[in-house]
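**Student:** Next input, structure requested:
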Amino acid sequence: MYYWVRQFSRGGSCTETPVQTQWLAVQVEESLPSSGQGPIFLHVDAISVEVRPGANLDLLTDVIRVLQHQC
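**Tutor:** Next comes the predicted model:
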């Protein structure tokens with residue numbers, strides 16, 4: 001992750017103009033049991049963030065905010 005923080009602080013490879021976020025409606029037909037113990041993965045374009053149970057939500061919020069304003 002340190003590599004990407006450095007890339008973004010240098011101006012990285014984000015040369016495209018920002019695109020407005022598009023939301024997709026999803027219909028869930030079957031409820032799957034979840035133990036709530038596994039990580040979740042957030043994917044935004046080429047960036048993926050793994051969030052594990054017990055993660056610091058303030059830090060996650062800050063990371064997402066930085067990523068949103070970089071590209």
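
**Student:** Let me know the secondary structure of E50.
**Tutor:** Following DSSP: H, G, I helix; E, B strand; the rest coil, E50 is assigned to strand.

**Student:** Over to the residue nearest the centre of the chain: give its phi and psi.
**Tutor:** Here the mean C-alpha position of the chain is nearest to the C-alpha of L42 (Cα atoms, centre = their mean), at a distance of 4.1 Å. Here is the backbone geometry of L42 (degrees, to the nearest 10): phi -100, psi 130.

**Student:** just the one 4 residues further on next, same as before
**Tutor:** Dihedral angles of A46 (phi, psi; degrees, to the nearest 10) stand at phi -90, psi 0.

**Student:** okay, it: pLDDT?
**Tutor:** Listed pLDDT for A46 reads 79.

**Student:** hey, where'd the strands end up in the protein?
**Tutor:** 40-44, 47-51 (DSSP state E).

**Student:** Q70: which of these is closest?
**Tutor:** strand 47-51 (8.8 Å; Cβ to Cβ). (Glycine included, C-beta is placed from N, CA and C.)

**Student:** Now the closest one: buried residues?
**Tutor:** By neighbour count on 16 or more other Cβ atoms under 10 Å, the buried set for strand 47-51 is V49.
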